[in-house]
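# Got a predicted structure plus its sequence, pasted below:
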Amino acid sequence: MSKPPLVSVVLPSFQQAPFLEEAVRSVLDQEFAEVELLVMDPGSTDGSRPLLMALKEEYGERLVLHFEPDKGQSDAINRGFGKARGRILSWLNSDDRLRPGTLERVLPWLDSPRPRWLYGRAGMIDERGEPHASFIVRYKNWRGRTFSRQKLLTENFIPQMSVFWNRAMWEEAGGLDMEKHLDMDYDLWLRFARVADPLVLHEELADFRVHRDAKGSRLSAAQLAGALATARAHAADLGFRGKLVLFMHRLFSLRTRLLYRLMKPR
């Protein structure tokens with residue numbers, strides 16, 4: 001049996017000590033996969049560094065730590081992939097986690113010299129790591145059950161933590177746009193989609209954590225505005241179809257804003 005390809009997961013982290021250990025272990029405790037985890041921390045002061053150093057003693061060279069300033073999350077992730085050695089790539093935010101068996105599931109299809117990417121489903125968890133039932137999860141699962149680039153232009157229905165790709169795709173599509181801080185994943189998926197359609201897996205590969213300090217929770221309005229601007233840029237060459245998908249994007253964005261407003265604690 002041939003040796004499985006190395007998987008490189010980049011984990012950007014800043015002031016996320018309460019969730020950091022669970023995120024690290026969810027990657028490095030994956031079975032039947034060769035994996036390295038590159039943690040990019042620009043200077044947390046909440047105990048993250050000693051925690052990571054202790055985990056380094058346990059996991060050795062499989063856990064690669066970089067404590068250096070960056071220009072934001074996109075820059076940190078790009079730096080991480082610049083240092084990564086693997087043929088299969090992904091990033092995981094430090095408050096999320098992978099599901100057991102995820103890497104074994106995604107490796108066979110991605111181990112190819114041709115550019116490939118895939119996405120699956122993601123569950124939702126609370127601050128304690130307990131499952132958090134949500135219509136948002138059910139809705140994204142429904143929207144993401146099939147893929148087209150035009151459909152993606154109407155709304156970002158792809159859960160970032162469930163996306164994996166190979167190095168050929170990263171080199172073809174390019175890295176994250178460092179000017180984007182809230183919708184850099186959406187921009188990347190749209191660039192991936194110009195190269196090839198993804199494989200869609202109808203199973204949960206990761207968990208998205210909802211908590212009050214999460215960037216997506218605090219900056220939802222700015223994130224939606226950024227996504228619309230990104231969709232507009234990518235739809236510029238579609239003519240009338242571009243105008244139609246942008247109209248749908250605005251409708252979906254308005255609906256999401258209203259839902260967030262209704263869900264916000266009073």
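Noted; the coordinates are in hand.
# Now do the same for the helix or strand hosting Y119: mean pLDDT, whole number.
Assigned by DSSP states H and E, Y119 belongs to strand 117-125. For strand 117-125, the mean pLDDT works out to 96.
# repeat for stretch 176-190
Stretch 176-190 comes out at a mean pLDDT of 95.
# Can you list the buried residues in it?
If you call a residue buried by 16 or more other Cβ atoms under 10 Å, then stretch 176-190 has these buried ones: 176, 178, 180-190. Just so you know, the C-beta spots here come from the backbone N, C-alpha and C atoms, and that holds for glycine as well.
# what do you get for stretch 9-19?
Applying 16+ other Cβ under 10 Å to stretch 9-19 flags 9-19 as buried.
# can you tell me the distance between the two ends of it?
Criterion Cα to Cα, to the nearest Å; first-to-last residue distance in stretch 9-19 is 17 Å.
# Touching that stretch from outside, list them.
20, 23-24, 27, 35-48, 51, 73, 76-77, 80-81, 84, 89-95, 127, 209 (Cβ atoms under 8 Å, 6 or more residues apart in numbering).
# and those residues, which are buried?
20, 23-24, 27, 35-42, 44, 48, 51, 73, 76-77, 80-81, 84, 89-95, 209.
# Filter these down to the ones in helices?
Of the positions in the buried ones among the contacts of stretch 9-19, 20, 23-24, 27, 48, 51, 73, 76-77, 80-81 sit in helices, assigned by DSSP state H.
# what are the ranges of the strands in the protein?
6-12, 34-41, 63-67, 88-91, 97-98, 117-125, 163-166, 199-209 (DSSP state E).
# now the first one, how far from the centre of its chain.
Yep, that's strand 6-12 we're talking about. 11 Å (Cα atoms, centre = their mean, to the nearest Å).
# For it, which strands pair with it and how are they oriented?
Its sheet considered, strand 6-12 pairs with strand 34-41 (parallel), strand 88-91 (parallel) by DSSP bridges.
# Let's have those in a markdown table, adding mean pLDDT and distance to M161.
Putting the strands paired with strand 6-12 into a markdown table (pLDDT from 0 to 100; distance: least, Cβ to Cβ, whole Å) gives the following:
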| stretch | mean pLDDT | distance to M161 |
| --- | --- | --- |
| strand 34-41 | 97 | 14 |
| strand 88-91 | 98 | 8 |
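# Figure out how far the strand holding Y119 is from the centre of its chain.
The answer for strand 117-125 is 9 Å, by Cα atoms, centre = their mean.
# Please apply the same query to stretch 162-179.
Worked out by Cα atoms, centre = their mean, stretch 162-179 lies 11 Å from the chain centre.
# Kindly report the same for stretch 69-86.
Centre to centre, stretch against its chain (Cα atoms, centre = their mean), the figure for stretch 69-86 is 14 Å.
# again, but for stretch 138-151
The answer for stretch 138-151 is 16 Å, by Cα atoms, centre = their mean.
# measure it end to end?
Across stretch 138-151, first to last residue, Cα to Cα, it's 17 Å.
# where does this protein have low pLDDT?
By pLDDT under 70, the low-scoring segments of the chain are 1-2, 133, 211-218, 260-266.
# What is the longest helix of it by residue count?
helix 240-263.
# mind listing what's buried in that one?
242, 245-246, 248-249, 252-253, 256.
# Reformat the strands paired with strand 6-12 as TSV; add distance to A225.
Listed next are those as TSV, based on distance: least, Cβ to Cβ, whole Å:
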stretch	distance to A225
strand 34-41	26
strand 88-91	23
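# Fine by me, we can end here.
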